[in-house]
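>>> Attaching a predicted model along with its sequence, questions to come.
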Amino acid sequence: MDAITDDDEDTIPSFDSDTAGASCKTNDDIAASIHVIGQVAAISSMNTVFYLQMILLVLNYLPALKKRKGTKRKREANLRRDRRSVIEFVHGWDDDMFKRQFRLSREDFYEVESAILSNKVRHGYDLEQHYKYARLSSGSPISIELRLLITLRLLSGASYLDMIWYGVSLRSIPSIFWETICDIDGAVDNINFPQDEGSMMQLSENWARKRRERHGFATNMGTVLAVDGYVIEIKKPTATDLDGQEVSCYRNRKGFWGLITQVGCDCNGKVRFVQTDWPGATIDLSCFRETPLFQALRSRAMPEWAHIVADEAYTPLSGECNFQILTPYSQHQLNSAKSQDWQNLQDWLARRKENPLFTGPKPVPQYWKMRSFNHELSSERITIERVLGMMVRRFGMIWRPMEIHFGKVPTVFRVICKLHNICMDSWLRKNPRGILLDAEAPPFGDDENLWNTFDITVGLDDSYDQPTDDDIQERLENNFNNLSDRRRVYAARNIPRRDALMEELYVLGVRFNHLNEIY
């Protein structure tokens, strides 16, 4: 074996540390690549298994699907309803029974039906096409007449369960009711407060005619409207319905849930203004401040001689409306006047005792003047309370909490007011003189024994009886016994128009006989 020379040493590769590190790094990369390839292969295998399982599942159920397609379940045939016989049965009732059931006379009923049809046709409603599809579906259409019959019966106080004999499904009653309410609201427009001075003068002349028929003379009061608030009882709203508003805001001070409405009427009991927008805990003063009528008074859009009459709760607003809201003297003012009258009388007696020749006139008691004015004002203001009482008596839906969404209550109550106006127009055609200020409220039917001979509580739950006169009066009263001192000052503030009218009544001879308690 030859010896290794120095030249041969130069040709032998050297194995240093750098070469060893590079070799190790290459081995690590190869191992990492192999690991990644293994993971990708595992995932691909799992996906392949999943797809195979899905294919097997579809192949397993495909015969069943083909079999079901061949034996498709037939749709159950619609129930054939003979709704025409229901309408013919109602046509067989006499006029008195028709009015007891639906609160409108036949003539007024068909006028409303005609107004609804005209309004729907004007907005593109195709009556013939609707009837055609309805006959193919159930054999007979739910005509506008039948919808109106159902809606009026529900407004009168009947339960939705009583609608079974009208030939419609009970599940469709809520939609029929609400659609018809909207139709009436859009077709009938008889709630309006005049904007021109001539029409306001006519309203004032009607109030003056009532006073003339009562006293033999007419005072220059200038009343055009009587206003009051009413609480519509509703079911307790949910937090979801109120969109974050406090539920307690809808709880009335008398303990039930409700919405506040502001209503105004003329001397003949027709509703001229209605707005229902406020939770039950709101007082009348705050509600009326947000109405267009208040804004008209505040902006002096009404003539200076005109005013509206209201109860004591509206007194703080009179100063903001050029004193065109006429309210009665408060009990605080009456007590103060009585004390002052007693003091004036004692001073007058003392002066006569000191000077027998004293011939000064005996002081006129301001207290009895105020009482006379309050009585005269009450005879006009009570008209709106009678109107609300008539609506409560006529439409049994507001005898108990309304079982509809509280957002629909304003529209329903506005429709009730419009139907009330239709009834009043019908009554005024038969009684041209109108309603006397000291007369009883007009009857609901032509026969005087209407409410004694017919059970109007049919269909109502036993827990909601027909309200008594005391219940209605309690609902209409507004007694705020815990007023703050500031409100007491506002309530006691003198209203110049009120003081002038008080003196005018005294000059005209209106007196209160405190011995017989009569005027």
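Right, received. Where do you want to start?
>>> lowest-confidence helix or strand of this structure?
helix 450-453 (a mean of 34; mean pLDDT, DSSP states H and E).
>>> Measure how buried residue 179 is and give me the count.
Using other C-beta atoms under 10 Å, residue 179 has 13 other residues around it. In this view, the C-beta of every residue, glycine as well, is placed from N, C-alpha and C.
>>> ugh, wrong one, I meant residue 246
11.
>>> Quick check: phi and psi at residue 327.
phi -130, psi 160 (degrees, to the nearest 10).
>>> So for it, what's the nearest residue that isn't a sequence neighbour?
residue 315 (4.5 Å; C-beta to C-beta, 6 or more residues apart in numbering).
>>> I'd like to know how many residues surround the one you found.
Neighbours around residue 315, by other C-beta under 10 Å: 24.
>>> Mind telling me which residue is nearest the centre of the chain?
residue 410 (2.4 Å; C-alpha atoms, centre = their mean).
>>> quick one: contacts for residue 242?
Contacts of residue 242 were listed using C-beta atoms under 8 Å, 6 or more residues apart in numbering, and they are residue 250.
>>> I'd guessed residue 190 sits against residue 422; true?
Yes: counting by C-beta atoms under 8 Å, residue 190 does reach residue 422; the two are 6.9 Å apart.
>>> So for the two, which sits in the more crowded spot?
residue 422 (21 against 15).
>>> Tell me where the stretch 251-400 of the chain has strands.
258-265, 271-279, 307-309, 325-326 (DSSP state E, counting those that start in this stretch).
>>> contact partners of the longest one?
Residues from elsewhere that reach strand 271-279 (C-beta under 8 Å, 6+ apart): 191-193, 225, 227, 232, 245, 249-250, 259-266, 286-287, 290-293, 387, 409-410, 413-414, 417-418, 420-421.
>>> Among these, name the buried ones.
By neighbour count, with 16 or more other C-beta atoms under 10 Å, the contacts of strand 271-279 hold 191, 193, 225, 227, 232, 250, 259-266, 287, 291, 293, 387, 409-410, 413-414, 417-418, 420-421 as buried.
>>> Please state the offset of the longest helix along the chain from the chain centre?
Using DSSP state H to assign secondary structure, the helix with the most residues in the chain is helix 17-70. Relative to the centre of its chain, helix 17-70 is centred 67 Å away, using C-alpha atoms, centre = their mean, to the nearest Å.
>>> what does stretch 84-99 give?
Taking mean C-alpha positions (C-alpha atoms, centre = their mean), stretch 84-99 and its chain are 31 Å apart.
>>> Dump it to PDB, keeping only the CA atoms.
Output in PDB follows, covering the C-alpha atoms of stretch 84-99 (Å, rounded to 0.1, in the frame of the first residue of the first chain):
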ATOM      1  CA  ARG A  84    -125.400  34.000   1.900                       C
ATOM      2  CA  SER A  85    -127.900  32.300   4.200                       C
ATOM      3  CA  VAL A  86    -126.400  34.200   7.200                       C
ATOM      4  CA  ILE A  87    -127.000  37.500   5.500                       C
ATOM      5  CA  GLU A  88    -130.500  36.500   4.500                       C
ATOM      6  CA  PHE A  89    -131.200  35.600   8.100                       C
ATOM      7  CA  VAL A  90    -130.100  39.000   9.300                       C
ATOM      8  CA  HIS A  91    -132.200  40.600   6.600                       C
ATOM      9  CA  GLY A  92    -135.200  38.900   8.100                       C
ATOM     10  CA  TRP A  93    -134.800  40.800  11.400                       C
ATOM     11  CA  ASP A  94    -137.000  43.800  12.100                       C
ATOM     12  CA  ASP A  95    -135.300  47.300  12.300                       C
ATOM     13  CA  ASP A  96    -135.400  47.300  16.100                       C
ATOM     14  CA  MET A  97    -133.600  44.000  16.500                       C
ATOM     15  CA  PHE A  98    -131.000  45.000  13.800                       C
ATOM     16  CA  LYS A  99    -130.200  48.200  15.800                       C
END
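>>> Which helix or strand contains the residue nearest to the centre of the chain?
helix 409-430 (DSSP states H and E).
>>> neighbours of the residue nearest to residue 231 when sequence neighbours are not counted, just the number please.
In space, and not counting its chain neighbours, residue 231 is closest to residue 258: 4.3 Å by C-beta to C-beta, 6+ apart. By the criterion of other C-beta under 10 Å, residue 258 has 24 neighbours.
>>> Equivalent analysis for residue 281, please.
Neighbours around residue 281, by other C-beta under 10 Å: 16.
>>> Identify the residues contacting it.
Counted by C-beta under 8 Å, 6+ apart, residue 281 has contacts 248-253.
>>> now, which of the residues you listed sits nearest residue 237?
Ranked by distance to residue 237 (C-beta to C-beta), these are led by residue 250 at 5.7 Å.
>>> From residue 432, how far out is the nearest residue to residue 188 once chain neighbours are set aside?
Distance criterion C-beta to C-beta, 6+ apart; nearest residue to residue 188, sequence neighbours excluded, is residue 418 at 4.8 Å. Look at residue 418 and residue 432: by C-beta to C-beta, to the nearest Å, they are 22 Å apart.
>>> now swap in residue 34 and tell me
109 Å.
>>> Would you mind pulling up the elements that the lengthiest strand in the chain packs against?
The single longest strand within the chain, with elements called by DSSP state E, is strand 223-233. In terms of contacts (3 or more C-beta pairs under 8 Å, 6 or more residues apart in numbering; DSSP states H and E), strand 223-233 is packed against helix 197-215, strand 258-265, strand 271-279, helix 284-289, strand 307-309, helix 366-394, helix 469-476.
>>> Quick one: distance of the second one to the chain centre.
Relative to the chain's own centre, strand 258-265 is displaced by 8 Å; criterion: C-alpha atoms, centre = their mean.
>>> Start the count at 43 instead of 1 going forward.
I'll keep to 43 as the first residue from here, and by that count the last item is strand 300-307.
>>> who does that strand pair up with?
strand 265-275 (antiparallel), strand 313-321 (antiparallel) (DSSP bridges).
>>> Need those in JSON lines (columns: distance to residue 252 and mean pLDDT).
Below are the strands paired with strand 300-307 laid out as JSON lines (distance: least, C-beta to C-beta, whole Å; pLDDT from 0 to 100):
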{"stretch": "strand 265-275", "distance to residue 252": "9", "mean pLDDT": "93"}
{"stretch": "strand 313-321", "distance to residue 252": "16", "mean pLDDT": "92"}
